[in-house]
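# How does the following fold in three dimensions:
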Amino acid sequence: MVEAAESQIGGRIKRLRRQRRLNQADLAQALGISPSYLNLIEHNRRKVTVPLLFSIAGYFGIEPGELVDSDEGRLVGDLMEAFGDDLFVDSDITNLEIRDLAHANPAAARAVLRLYDRYRLLAGGNAPAAAASGNEPFHLATDAISDFLQANSNHFPALEETAERIRADIDTSGDSFESGLRTYLFNVFGIEVRLASLPNGVARQFDKGRQQVLVSDLLPAETANFLLAQHLALQAAEADIAGIIAEADLPDGDAPQLARNVLSAYFAAALLMPYAPFLKACRDHRYDIDRIGRRFGASFEQVCHRMTTLQRKGASGIPLHLVRTDIAGNISKRFSLSGIHIPRHSGACPRWNIYAAFMAPERINVQLSQMPDGQRYFCIARTITKGDYRYNAPRRHLSIGLGCAIHHARDMIYSDGIDLGSEQQVVPIGVGCRICPRMECGQRAHPPADHRFRLDDDMRPESLYARMA
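Sure thing, here's the model as predicted:
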């Protein structure tokens with residue numbers, strides 16, 4: 001009997017099944033196998049034969065390679081980042097041993113990551129306050145939400161279906177979708193929408209007594225519409241959101257509440273940018289973000305986010321990665337379907353175009369990126385500015401990075417005029433200095449975790465970290 005690749009794909013099959021709200025018996029019947037056999041596969045106790053692999057991939061509407069790859073590459077990268085800490089400097093743990101841990105015992109590997117997250121919390125001195133409040137530390141909650149979105153491929157069919165149903169009930173014959181959304185909120189839920197001068201830092205406020213949603217009059221139109229749609233989610237999709245959170249393996253504390261906010265935002269995007277028309281626009285206009293944003297009245301960031309959610313069975317978009325960072329290199333959003341690894345705890349490689357984008361504000365920066373494992377990606381990045389529409393208001397400057405595996409590059413308009421096969425245009429990048437093997441890099445901020453200095457008093461290298469034992 002021919003077996004599929006050695007990668008453990010049981011967890012991936014289980015996540016796909018749960019996303020479609022199938023039980024093991026239903027999926028087993030569709031595949032022509034017994035529920036007990038499927039249970040063994042999902043727990044990585046049986047390997048998947050090639051014919052069964054193709055059957056499973058066909059059922060879920062994905063490529064067999066996507067099923068085999070799963071998310072082990074990201075798990076390996078996260079582990080390497082953790083073991084790159086000075087804490088493990090004398091442990092002599094090799095990259096091969098880390099890969100073995102991720103592939104053979106993914107549950108144990110994730111437990112190690114959670115333990116490392118706790119260690120970072122204690123080392124940072126934030127544990128006493130968290131313990132006193134009884135809440136999960138916020139940064140651990142954000143990591144949990146990132147893992148939650150990754151595990152679900154950032155696609156939630158139940159929210160898509162509810163958003164489509166409600167979109168069909170909203171009257172769009174008027175001047176704008178906003179007016180139809182306001183009318184729907186009032187007619188169905190008795191909620192009135194008003195623009196108001198809210199306190200600094202408050203974008204939306206719900207007055208339950210008066211049944212009024214107050215939206216800051218300082219917001220851009222696309223942001224105000226998004227906030228209205230997000231409030232509608234809390235009224236119309238509450239059961240769907242609660243069901244998704246109940247099935248998720250989230251830690252107690254802040255994570256469920258944060259997931260509620262993330263899922264209501266997902267609904268808002270699905271309502272404002274309906275799946276089928278949005279996917280068609282992406283294909284017709286080759287992922288031209290500004291043009292698509294104009295079509296749906298959405299911001300650059302909103303369109304980028306929506307593009308990462310197009311994973312419907314039989315109608316999927318390009319598998320994309322998305323990362324958002326500020327000028328200081330703090331990554332506030334990360335998600336990857338392209339396969340590229342985005343750091344879990346530290347800033348990304350300074351060679352990434354997401355940082356170079358700050359030198360040319362609001363212009364698309366294109367890069368052919370190559371990771372140390374040889375995989376190449378097509379990446380774009382652009383800065384955005386957030387802040388109130390008032391004189392002397394503080395501004396936040398962020399950079400949004402979006403990209404795909406190199407073989408999808410021609411599906412994006414930004415690849416026009418780019419020689420994708422040119423070795424001269426490829427930029428070697430890494431994940432983080434602690435685990436990056438590129439010894440020749442002159443932009444290192446830290447030495448690799450498993451190397452030592454080798455300095456010569458008679459010769460001063462351009463970069464101290466580039467000459468190491």
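
# Where does the prediction get shaky in the stretch 251-400 of the chain?
Within the stretch 251-400 of the chain, the segments meeting pLDDT under 70 span 345-347.

# could you redo the last one with a cut-off of 90?
Residues of the stretch 251-400 of the chain that meet the criterion pLDDT under 90 lie in 251-254, 313-314, 328-331, 337-350, 362, 372-375, 387-395.

# For it, which segments are assigned as helices?
254-272, 275-284, 289-296, 300-307, 353-356 (DSSP state H, counting those that start in this stretch).

# Just put the ones you listed in JSON lines and tack on distance to Asp86 and mean neighbour count.
Using the backbone N, CA and C atoms, a C-beta is placed for each residue, glycine as well. What follows is the helices of the stretch 251-400 of the chain, written out as JSON lines (distance: least, CB to CB, whole Å; neighbours: other CB atoms under 10 Å):
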{"stretch": "helix 254-272", "distance to Asp86": "28", "mean neighbour count": "21"}
{"stretch": "helix 275-284", "distance to Asp86": "44", "mean neighbour count": "16"}
{"stretch": "helix 289-296", "distance to Asp86": "40", "mean neighbour count": "18"}
{"stretch": "helix 300-307", "distance to Asp86": "35", "mean neighbour count": "23"}
{"stretch": "helix 353-356", "distance to Asp86": "24", "mean neighbour count": "21"}
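
# Is it possible to get CSV of those that adds distance to Gln424?
Output for the helices of the stretch 251-400 of the chain, formatted as CSV (distance: least, CB to CB, whole Å):
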stretch, distance to Gln424
helix 254-272, 38
helix 275-284, 30
helix 289-296, 27
helix 300-307, 28
helix 353-356, 16
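
# So which of the ones you listed is nearest Arg99?
Nearest of the helices of the stretch 251-400 of the chain to Arg99, taken as CB to CB: helix 353-356 at 26.7 Å.

# just checking, what packs against that closest one?
Secondary-structure packing of helix 353-356 (3 or more CB pairs under 8 Å, 6 or more residues apart in numbering; DSSP states H and E): strand 321-326, strand 365-370, strand 376-386, strand 396-405.

# ok, how many other residues are close to Arg410?
Other residues near Arg410 number 13, with proximity taken as other CB atoms under 10 Å.

# Verify the stated contact: it with Leu420.
Yes. Contact criterion CB atoms under 8 Å: Arg410 and Leu420 qualify, at 7.5 Å.

# ok, the residue lying closest to Asp240 once chain neighbours are set aside - contacts?
In space, and not counting its chain neighbours, Asp240 is closest to Ala158: 4.5 Å by CB to CB, 6 or more residues apart in numbering. Neighbouring residues of Ala158 by CB atoms under 8 Å, 6 or more residues apart in numbering: 21, 240, 243-244.

# 7 Å instead?
Residues near Ala158 by CB atoms under 7 Å, 6 or more residues apart in numbering: 240, 243-244.

# Just the buried residues of those.
240, 244 (16 or more other CB atoms under 10 Å).

# Which single one of the contacts of Ala158 is nearest to Leu52?
Using CB to CB, the contacts of Ala158 come closest to Leu52 at Ile244, 28.4 Å.

# helix, strand or coil for the closest one?
helix (DSSP: H, G, I helix; E, B strand; the rest coil).

# And it, how far from Leu263?
When CB to CB, to the nearest Å is applied, the distance between Ile244 and Leu263 equals 6 Å.

# what do the two both touch?
Phe156.

# what about the helices in the stretch 1-150 of the chain?
Ranges of helices in the stretch 1-150 of the chain, per DSSP H, counting those that start in this stretch, are 10-19, 24-31, 35-42, 50-60, 64-69, 72-83, 95-104, 106-123, 127-133, 138-151.

# what is the orientation angle of the second one with helix 50-60?
I take that to be helix 24-31. Interaxial angle, helix 24-31 versus helix 50-60 (axes from the mean of the first three to the mean of the last three CA atoms, to 10 degrees): 110 degrees.

# avg pLDDT for helix 24-31?
Helix 24-31 comes out with an average pLDDT of 92.

# Now do the buried residues in that helix.
24, 27-28, 31.

# ok, now the third one?
Buried positions in helix 35-42, judged by neighbour count with 16+ other CB under 10 Å: 38, 41-42.

# residues making contact with it?
10, 13-14, 24-25, 27-28, 46, 48.

# Surely Arg334 touches Ser146?
Yes. Here Arg334 reaches Ser146: they are 5.8 Å apart, a contact under CB atoms under 7 Å.
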